[in-house]
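# have a look at this prediction, sequence included:
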Amino acid sequence: IGGATRRLASKCVGGDSRVTGITLSQKQADRATALAKAQGIPNAEFKVMDALNMTFPDNSFDMVWACESGEHMPDKKKYVEEMVRVLKPGGKIVIATWCQRETPPEFTQKEKDNLQFLYEEWAHPYFISYEEYERLLKGTGAMESTGAEDWVKNTIASWRHSIWVGVWDPWPVVFAGPKVWYKTVREIVTLE
């Protein structure tokens, strides 16, 4: 919880910078704050806030990092517009999120079934392509240059590793009981 914010604050920006993470959950914000304190990361802070209606003033941040949040947003355009709004002119936005491929060609029935599973199982409203995120960024008129890239090849190994850790050392899962067993098996389907 708050891992990306804590990582940026402790390893990437230096102690003179502030890194702010947002979440809809007060419990997540509290847990992330406690973890940052326990890890000696005083420049990370966590706020309860809606990413589609942030209370930050315009031009607040030098960089906006959106890590695995876009897939949860019911309005991708508003999501991108809000990030651009709080970004200072000349700042950088990085969006790392679950995406679907571009269409056409139309999705096969298997692809439709896989997407529907993710929508229902994980309560995602819908996905868009990384190319569509780039079009949304350009559509704001505020981004001088943008780029988009498929990172599946770069990240699939870590996805696989997270599953195999549980296979290699299953005891934490085994002793956790049926509810955790179900959640673990459920995640295997999301790998590829």
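Arrived safely, thanks for sending.
# distance check, F117 against E111.
F117 sits at a distance of 11 Å from E111 (criterion: Cβ to Cβ, to the nearest Å). C-beta here means a position set from N, CA and C on the backbone, and glycine is covered the same way.
# go on, T23?
31 Å.
# and those two? which has more neighbours close in?
T23 (21 against 14; other Cβ atoms under 10 Å).
# do a quick rundown of the helices in this structure.
3-7, 26-38, 76-86, 109-122, 130-139, 152-168, 171-176, 178-188 (DSSP state H).
# list the residues that contact the residue nearest the centre of the chain.
Nearest residue to the geometric centre of the chain (Cα atoms, centre = their mean): E68, 1.3 Å. Shown in contact with E68 (Cβ atoms under 8 Å, 6 or more residues apart in numbering): 96-98.
# could you do A4 as well?
Neighbouring residues of A4 by Cβ under 8 Å, 6+ apart: 21, 65, 67.
# try it again with 7 Å
65, 67 (Cβ atoms under 7 Å, 6 or more residues apart in numbering).
# that one and M83, how far apart?
Relative to M83, and taking Cβ to Cβ, A4 is found at 14 Å.
# give me the sheet partners of the strand ranked longest in the chain and which way each runs.
As assigned by DSSP state E, the longest strand anywhere in the chain is strand 87-96. Sheet pairing here is set by DSSP bridges, and for strand 87-96 it gives strand 61-67 (parallel).
# buried ones in the strand it pairs with?
61, 64-66 (16 or more other Cβ atoms under 10 Å).
# format these as JSON lines; extra columns: pLDDT and distance to G91.
Formatted as JSON lines, those follow (pLDDT from 0 to 100; distance: Cβ to Cβ, whole Å):
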{"residue": "F61", "pLDDT": "97", "distance to G91": "6"}
{"residue": "V64", "pLDDT": "97", "distance to G91": "7"}
{"residue": "W65", "pLDDT": "96", "distance to G91": "11"}
{"residue": "A66", "pLDDT": "96", "distance to G91": "13"}
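# give me the neighbour count for the nearest residue in space to L136 that is not next to it in sequence.
For L136, ignoring the flanking residues on the chain, the nearest one in space by Cβ to Cβ, 6 or more residues apart in numbering is V80 at 4.2 Å. Taking other Cβ under 10 Å as the criterion, the count of residues near V80 is 26.
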